[in-house]
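Novice: Okay, sequence plus prediction incoming.
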Amino acid sequence: MKLTNLLSLVAILAVATSCDYQKNNTIKQKDVRKGDEYVYGVHPDSAAVQSKLTYDAKPELEVKANAIREKLFKGKAINQGN
């Protein structure tokens, strides 16, 4: 009986402490890139300049990625969320 009470108390404490996890999961320091359009864009809701960059496709990387997919998901349909 005591073990059950102890386990339930530990479970309640674990749930209670995880509720405020994101509040404490921050770093308190000055943002050195605040206002940098390259990082944050011209407006807080706009896309950053660095996210607009495009890169040339490399077919050899696609072949390598497909080989890895085949090795990981042998015989499974990847496009069906398996």
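Specialist: Perfect, thanks for sending it.

Novice: Run a quick neighbour tally on Arg33.
Specialist: Look at Arg33: counted by other C-beta atoms under 10 Å, it has 9 neighbours. (C-beta placed from N, C-alpha, C; glycine too.)

Novice: For Leu13, grab phi and psi.
Specialist: Main-chain torsions, Leu13, degrees, to the nearest 10: phi -60, psi -40.

Novice: How many residues are close by it?
Specialist: When neighbours are defined as other C-beta under 10 Å, Leu13 has 10 of them.

Novice: swap in Asp45?
Specialist: For Asp45, the count of nearby residues is 6 (other C-beta under 10 Å).

Novice: Same check on the one 4 residues further on?
Specialist: Neighbour count of Val49, defined by other C-beta under 10 Å: 14.

Novice: cool, and Asp36?
Specialist: So Asp36, with other C-beta under 10 Å, has 13 neighbours.

Novice: Likewise for Asn5?
Specialist: The burial count for Asn5: 9, using other C-beta under 10 Å.

Novice: which stretches of this structure form strands?
Specialist: Under the criterion DSSP state E, strands are not mapped anywhere in the chain.

Novice: Low-confidence ranges, it, go.
Specialist: Within the chain, the segments meeting pLDDT under 70 span 18-25, 51, 77-82.
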